[in-house]
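Asks: Need a 3D model of the following:
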Amino acid sequence: MDLIKILKQFNIVAPKVQFLNESSDNKSYLIFEGTFKRVLRISKKNINKSIEFELELINFLRSKGINTPMYFQTNKKKFFYQKKGLCAILFSFMEGSKVRGLADKEKIIRAGELLGKIHASTLNVKLKSRQKRNIFTEFKRLLKYKTYIRTNYINGSQIINEVMHYFKFGEKNSRSDVIIHNDFRPQNILFDSKNNVLNVVDFDWACYGNLEKDLGLAIAEWTFPDNFNKPWVPGGEHFLEGYNRFSPKKFNIDNQYLIKWICFSCISDTATYIIDHKVFDNNLPKKQLINSYMYKKFMYYKNYLNE
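Replies: Okay, here's the model as predicted:
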């Protein structure tokens, strides 16, 4: 992959390029051109339709006063460059600091307000672009390999049974009332020194869905850092304090329906982890126990359900 050739498609020549981060879906690079900084994101999959949806959503949210990245056109007046199944998109660099570890009360409240604003802004909104992703995408990816996982992992059957249970729960309660961020984690929200939200990033998983799915993941991620054994319970109340100020629907932290969606979100992320880190790793020994931070969170919240 020749990054210099890709950047020329966006009319950038002689840049300084610095690797930023990598996920199962994308590689990102920080691009320096004079005094300007931009972010180049290279998608590993052919997702041009999803990118069109993402860009339209970003533009819509900016029109509603929510700070999202600006994107830049190619020399052919397109908003992404595609070749050999890879899609490249160039964003503005967003200033601000990310939360490391557990956020303090004020940041959690501000994050809740932001998610509430996103849901209120996108309530009953239908964009022109289509989005293939939905709240069941990760479940379906995993269930293609359910027999293999049951056979080759110690707790494989237990996890597959949980995935199937929450898949059915989601199907029974599925709505498309808002557009969800679908990855509303601390690392995707940028703050200034006074705890004000500056920007929100990473909309590549955004889709139509239940606002409870978005809220469930957010509460799990903002109050239960990966290296914790249990969540900071007041953090959930703080998040909902901010969220309920702007959201089209109000919740309390003991709401059993919301806890069910927290479980749905955590087991969905567990499915992502298994597919991206386990199934295709031929070097892992068979009959290994599947552990992940999100499965640990799932098991914690599951214990709070009256079932």
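Asks: can we go C-alpha only for contacts and neighbour counts from here?
Replies: OK.
Asks: List the residues that contact Glu56.
Replies: Going by CA atoms under 8 Å, 6 or more residues apart in numbering, Glu56 touches 127, 129.
Asks: part of a helix, is it?
Replies: Yes - per DSSP: H, G, I helix; E, B strand; the rest coil, Glu56 lies within a helix segment.
Asks: which stretches of the stretch 201-307 of the chain form helices?
Replies: 211-223, 233-246, 256-274, 293-302 (DSSP state H, counting those that start in this stretch).
Asks: Deepest-packed of those, please.
Replies: helix 211-223 (a mean of 25; mean count of other CA atoms under 10 Å).
Asks: counting contacts, what elements does that helix pack onto?
Replies: With contacts defined as 3 or more CA pairs under 8 Å, 6 or more residues apart in numbering; DSSP states H and E, the packing partners of helix 211-223 are helix 105-122, strand 178-180, helix 233-246, helix 256-274.
Asks: Tell me how this protein divides into domains.
Replies: 3-92, 105-302 (automatic domain parsing).
Asks: weakest of these in terms of mean pLDDT?
Replies: Mean pLDDT is lowest for domain 3-92 out of the domains of the chain, coming in at a mean of 90.
Asks: Straight-line length of that one, end to end?
Replies: Chord length of domain 3-92, first to last residue, is 17 Å (CA to CA, to the nearest Å).
Asks: cool, and stretch 7-24?
Replies: Using CA to CA, the end-to-end distance of stretch 7-24 comes out at 22 Å.
Asks: contact partners of it?
Replies: Taking CA under 8 Å, 6+ apart as the rule, stretch 7-24 contacts 4, 27-34, 44, 72-76, 81, 90, 276.
Asks: mind listing what's buried in that stretch?
Replies: 7, 9-10, 12, 15, 17 (16 or more other CA atoms under 10 Å).
Asks: What is the burial count for the closest residue to Asn152 other than its chain neighbours?
Replies: The spatial neighbour of Asn152 that comes closest, neighbours along the chain excluded (CA to CA, 6 or more residues apart in numbering), is Lys287 at 5.0 Å. Residues near Lys287, counting by other CA atoms under 10 Å, number 14.
Asks: who's in contact with Lys287?
Replies: 151-154.
Asks: Quickly find the element holding the one residue sitting closest to the centre of the chain.
Replies: Central residue of the chain (CA atoms, centre = their mean): Asp183, 1.7 Å from the mean position. According to DSSP states H and E, Asp183 maps onto no helix or strand at all.
Asks: Use 53 as the first number for this chain going forward.
Replies: Renumbered: residue one is now 53, and that last one reads Asp235.
Asks: Surely it touches Val253?
Replies: No - taking CA atoms under 8 Å as the definition, Asp235 is not a contact partner of Val253, at 9.5 Å.
Asks: Common neighbours of the two, please.
Replies: Shared contacts of Asp235 and Val253, defined by CA under 8 Å, 6+ apart, are absent.
Asks: As a markdown table, the helices and strands packed on helix 263-275 with distance to Leu357 would be great.
Replies: Formatted as a markdown table, those follow (distance: least, CA to CA, whole Å):
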| stretch | distance to Leu357 |
| --- | --- |
| helix 157-174 | 23 |
| strand 230-232 | 24 |
| helix 285-298 | 15 |
| helix 308-326 | 6 |
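Asks: of all those, which lies closest to Asn240?
Replies: Smallest distance to Asn240 across the helices and strands packed on helix 263-275 (CA to CA): 10.3 Å, for helix 157-174.
Asks: That closest one: what's the following helix or strand?
Replies: Once helix 157-174 ends, the next helix or strand along the chain (criterion: DSSP H and E) is helix 189-195.
Asks: what does that following helix rub up against?
Replies: Contacts for helix 189-195 (CA under 8 Å, 6+ apart): 212, 215-216, 219, 320-321, 323-324, 326-327.
Asks: hmm, try it at 6 Å
Replies: Residues outside helix 189-195 that contact it (CA atoms under 6 Å, 6 or more residues apart in numbering) are 320, 323-324.
Asks: Only the buried residues of it, if you could.
Replies: Across helix 189-195, burial judged by 16+ other CA under 10 Å covers 190-192, 194-195.
Asks: To what extent is Arg114 buried, counted in neighbours?
Replies: 14.
Asks: and it, helix, strand or coil?
Replies: helix.
Asks: From Thr120, how far off is it?
Replies: Distance from Arg114 to Thr120, by CA to CA: 6 Å.
Asks: same check, this time on Leu142
Replies: Distance of Leu142 to Thr120, computed by CA to CA: 13 Å.
Asks: Of the two, give the one with the bigger neighbour count.
Replies: Counted by other CA under 10 Å, Leu142 and Thr120 do not tie: Leu142 has more neighbours, with 25 against 22.
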